[in-house]
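Peer 1: Could you look at this predicted model? Sequence included:
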Amino acid sequence: MDGTGTQVGEQTRRWALLLAAGVLGVGAVTGAWDDSPPLGQPTPGHEASAVALGAPPLVPFPGTGYRFLDLQDDGLTPVAWDPCRPVHYVVREAGSPPGGRELIEAAVGQISAATGLRFVADGATDESPSPARPGYQPQRYGDRWAPVLIAWQTAAENSDFATDVVGQARSLSMTSPGRPAVYVTGQVSLDAETLAAQLTAPGGSALARAVIVHELGHLVGLGHVDQASEIMYPRANRVITELGPGDRTGLARLGHGPCVPEL
Ligand SMILES: [Zn+2]
C-alpha cells in the first residue's frame, strides 16, 4: 500500500493519552486524544526487516495483572509496535535532572528486554511535546515516522505537572487497509521538577526509573491495572520499582506483534 490519494483517508489515526499518577498519588486519567495529527505519511516499510529483530523472553511465571491499551478489531489481539523494525527515539534533554539520560537509557533497556523490541537512540532534539504532534515530520526527521519523543517538562510548560501527575505517554497507531493496526510513533513527557526532587531522596533513583518504565509501558501498549504489585499500577510507590509478573507477561505479548511493512 502506498500512502497517497484516498488511502490516506482510509487510514485511521488515534492518539492514546495516558497520564501516570505520581508519587503524591492522584488517580490516573485515560482517554482518547481527539486532535488528529496533520495528514501525511512516509514511504512505507522504512527499515522493515523480513523477520522480527528480537524476541521477548519466555516468562517463567506468567501473571494475569496486565491490560492492553488498544485492541485490534478482533477484540483480543493487542495493538503493538512492529517488531521487524527498530523503535527510534529522541530526547529533549533541556531541563533534565542530573542523571536523567542514564535513567531513560536504563528504562528503555528494561522495556526492550521485556518486549524484544529493538530501541535505537537517535540523540537529542529541541522538539517540544504536543498533543497535536505530527506523526510524520519529514523536514525534521526525514522520510520515516517521527521517532518517539521523550521530553522533560516543567509545570510551567505542562500544567498537568502542576498536579500530582509525574508522567504522560501517548502512542499513535495507524492502520492500512486489511492490515492490523500498529504503533508508529509516540511521546513520553516526564515531570522534571518532581522527579528531580525525588532523585535527591533515598531510593529516588529506582523510583524515578520506575516512573519512566511505567510510561514506556504505556508507549508500547500497556494500560493500567488494579494490582499494586505491578509497575502499571497507576500510582507510583516506593515498594514496587521493578516489573511484576503481569507487566512482564503483557510486555512479552506486545513483543509478538505483527510486522506491517505496508506502513
Ligand atoms: Zn500510567
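Peer 2: Sure thing, it's come through.

Peer 1: Now do the contacts for Gly244.
Peer 2: 63, 65, 227, 229-231 (CB atoms under 8 Å, 6 or more residues apart in numbering). C-beta here means a position set from N, CA and C on the backbone, and glycine is covered the same way.

Peer 1: Weed out the non-buried ones from these.
Peer 2: 63, 65, 227, 230-231 (16 or more other CB atoms under 10 Å).

Peer 1: secondary structure class for His218?
Peer 2: Per DSSP: H, G, I helix; E, B strand; the rest coil, the local secondary structure of His218 is helix.

Peer 1: Now the residue nearest to Trp81 when sequence neighbours are not counted: which helix or strand?
Peer 2: Closest residue to Trp81 apart from its sequence neighbours, by CB to CB, 6 or more residues apart in numbering: Tyr183 at 4.7 Å. For Tyr183, the host element (DSSP states H and E) is strand 182-191.

Peer 1: Let's see the helix or strand following that strand as PDB, backbone CA atoms only.
Peer 2: As assigned by DSSP H and E, the chain's next helix or strand after strand 182-191 is helix 192-199. Provided in PDB are the C-alpha atoms of helix 192-199 (Å, rounded to 0.1, in the frame of the first residue of the first chain):
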ATOM      1  CA  ALA A 192      11.300  17.400  35.600                       C
ATOM      2  CA  GLU A 193      10.800  19.200  38.900                       C
ATOM      3  CA  THR A 194       9.100  16.400  40.800                       C
ATOM      4  CA  LEU A 195      11.500  13.700  39.600                       C
ATOM      5  CA  ALA A 196      14.500  15.900  40.300                       C
ATOM      6  CA  ALA A 197      13.300  16.300  43.800                       C
ATOM      7  CA  GLN A 198      12.700  12.500  44.000                       C
ATOM      8  CA  LEU A 199      16.200  11.800  42.900                       C
END
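
Peer 1: Can you list the helices and strands that helix 192-199 packs against?
Peer 2: strand 148-153, helix 204-220 (3 or more CB pairs under 8 Å, 6 or more residues apart in numbering; DSSP states H and E).

Peer 1: what's next to that helix, contact-wise?
Peer 2: Here helix 192-199 has contacts from 22-24, 95-100, 152-155, 161, 166, 204-205, 207-208, 211, using CB under 8 Å, 6+ apart.

Peer 1: try 10 Å this time
Peer 2: Where contact means CB atoms under 10 Å, 6 or more residues apart in numbering, the residues beyond helix 192-199 that reach it are 22-24, 94-100, 103, 151-158, 161-162, 164-167, 190-191, 204-209, 211-212, 236, 238.

Peer 1: Any buried residues in that helix, and which?
Peer 2: Buried, per 16+ other CB under 10 Å, within helix 192-199: 192-196, 198-199.

Peer 1: For stretch 88-106, what is the distance to the chain centroid?
Peer 2: 15 Å (CA atoms, centre = their mean, to the nearest Å).

Peer 1: Revised request: answer the last question for stretch 128-138.
Peer 2: On CA atoms, centre = their mean, the centre of stretch 128-138 falls 14 Å from the chain's centre.
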